[in-house]
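Asker: Using only what follows, build the 3D model:
(2 chains)
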Number of protein chains: 2
Amino acid sequence: MAEMCFTSIGTVRSPHTSREGAPIQPTGAQGVRGHIDINPEFQAGVKDLDGFSHIFVLYHCHLSQGYDLEVVPFMDTEVHGVFATRAPRRPNPIGLSVVRLLAVYSGRLDLADVDLLDGTPVLDIKPFVPDFDVPAGEVRTGWLAQNAEKAETLTADDRFTSRDYGE
Amino acid sequence: MAEMCFTSIGTVRSPHTSREGAPIQPTGAQGVRGHIDINPEFQAGVKDLDGFSHIFVLYHCHLSQGYDLEVVPFMDTEVHGVFATRAPRRPNPIGLSVVRLLAVYSGRLDLADVDLLDGTPVLDIKPFVPDFDVPAGEVRTGWLAQNAEKAETLTADDRFTSRDYGE
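Answerer: Numbering: from 1, shown residues only, chains lettered A, B, ... in the order given. So this is what the prediction gives:
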């Protein structure tokens, strides 16, 4: 399989300038403001985005180097497969966050609940649509079932600073 | 900005072998079975994924070539910015679907509600976690507000066959 190569469509600006102390999910970043500067050549693509209250931001975890297939994420003390976590050091370091969209300007999206690091390259923006993105039936969350609410208060510590942070 | 290059971690197997007639969202693919074959070198990463009922699949929209910044998606007759749609012909053709996880085997994930095309290269798998991925407050869905439920019945037609399909 050949490599699949992508380019940045914009850049995140946020108050989180380092891994340490950054929230590990948007639920831990309630009210934190930030924005995305959209590169000039892609700005026409945001037309009508202002009708949506929330967007998916797909981004390059640009500080991640390498990966482990099994990790001890921040939110637990047990080893889990990396695909059962949201840790950024993954085979393809693509991050995914649902953030609140406050305003759309030419070339700039104002955001709230931003857990993204300043300088993060943005790969894609998609509208969040509950009919597509929220399962209708029961949702089970495995090892996170007892831990997910910790994301509201946990921040990244230094355990992965030299490599990257888990979740 | 340099290109960011990724590799396939696995391949989708599904009954949807062509764009035409394929569902345009998982909501239109209720009960449709499929699976992901995980490449041998990444199989250790699925440990503990079986505790989750739903996963995000990030994939390469491999049949997409090029993009338009403004599109008329399947679900409307108006032009919208591509980032306000889920159309696959986007600057970085990365697709995102929430699917139901039925079973986890060594090297294989059995799925339901599969809207993915057979042969799709998988970029990443993440657990779906409502605490992270479902906004707590009001959700507005812009132009899709009157249209999202159409995804349950609409399928891709031939309007973009020579290029790709919209949404």
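
Asker: can we go C-alpha only for contacts and neighbour counts from here?
Answerer: Will do.

Asker: Isn't residue A:86 up against residue B:129?
Answerer: No. Applying C-alpha atoms under 8 Å, one finds residue A:86 not in contact with residue B:129, separated by 9.6 Å.

Asker: Show the contacting residues for residue A:3.
Answerer: B:5-8 (C-alpha atoms under 8 Å, 6 or more residues apart in numbering or on different chains).

Asker: do residue A:48 as well
Answerer: B:80-81, B:84, B:142-143.

Asker: for chain A, what spans make up the helices?
Answerer: Using DSSP state H, the helices of chain A run over residues A:130-133.

Asker: show me where pLDDT drops low in it?
Answerer: Scanning chain A with the threshold set as pLDDT under 70 gives A:1-2, A:25-26, A:148-167.

Asker: give me that answer again for 50
Answerer: A:158-167 (pLDDT under 50).

Asker: Wait, residue A:80 touches residue A:86, no?
Answerer: No. If you go by C-alpha under 8 Å, residue A:80 and residue A:86 don't touch, sitting 10.6 Å apart.

Asker: Pick the one among the contacts of residue A:3 closest to chain A.
Answerer: residue B:5 (4.0 Å; C-alpha to the nearest C-alpha).

Asker: That closest one - how many residues pack around it?
Answerer: Using other C-alpha atoms under 10 Å in any protein chain shown, residue B:5 has 13 other residues around it.

Asker: got the contact list for it?
Answerer: Taking C-alpha under 8 Å, 6+ apart, one finds A:3-6 in contact with residue B:5.

Asker: Show me what it is bridged to.
Answerer: Here residue B:5 sits in beta bridges with residue A:5, as judged by DSSP bridges.

Asker: And the lengthiest strand in chain A, what's buried?
Answerer: Secondary structure of chain A per DSSP state E: the longest strand is strand A:94-105. The neighbour-count check on strand A:94-105 (16 or more other C-alpha atoms under 10 Å in any protein chain shown) flags A:94-104 as buried.

Asker: Max pairwise distance over the residues you listed: which two?
Answerer: A:94 and A:103 (24.7 Å; C-alpha to C-alpha).

Asker: residues in contact with stretch A:98-113?
Answerer: Where contact means C-alpha under 8 Å, 6+ apart, the residues beyond stretch A:98-113 that reach it are A:26-40, A:43, A:46, A:49-50, A:52-57, A:114, A:128, B:132-135.

Asker: Emit the ChimeraX select command for whichever of those residues are buried.
Answerer: Command for ChimeraX, covering only those of those found buried under the criterion 16+ other C-alpha under 10 Å:
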select /A:26,27,28,29,30,32,33,34,35,36,37,38,43,46,49,50,52,53,54,55,56,57,114,128 /B:132,133,134,135
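
Asker: Next, work out how far apart residue A:31 and residue A:14 are.
Answerer: Using C-alpha to C-alpha, to the nearest Å, residue A:31 is found at 12 Å from residue A:14.

Asker: Give me the common contacts of these two.
Answerer: Shared contacts of residue A:31 and residue A:14, counting by C-alpha under 8 Å, 6+ apart, come down to residue A:114.

Asker: so how many other residues sit close to residue A:18?
Answerer: 12.

Asker: Hmm, it is touching residue A:117, no?
Answerer: Yes. Assessed by C-alpha under 8 Å, residue A:18 is found in contact with residue A:117 at 6.9 Å.

Asker: Mind listing the residues bridging to residue A:12?
Answerer: Beta-bridge partners for residue A:12, by DSSP bridges, are residue A:36.
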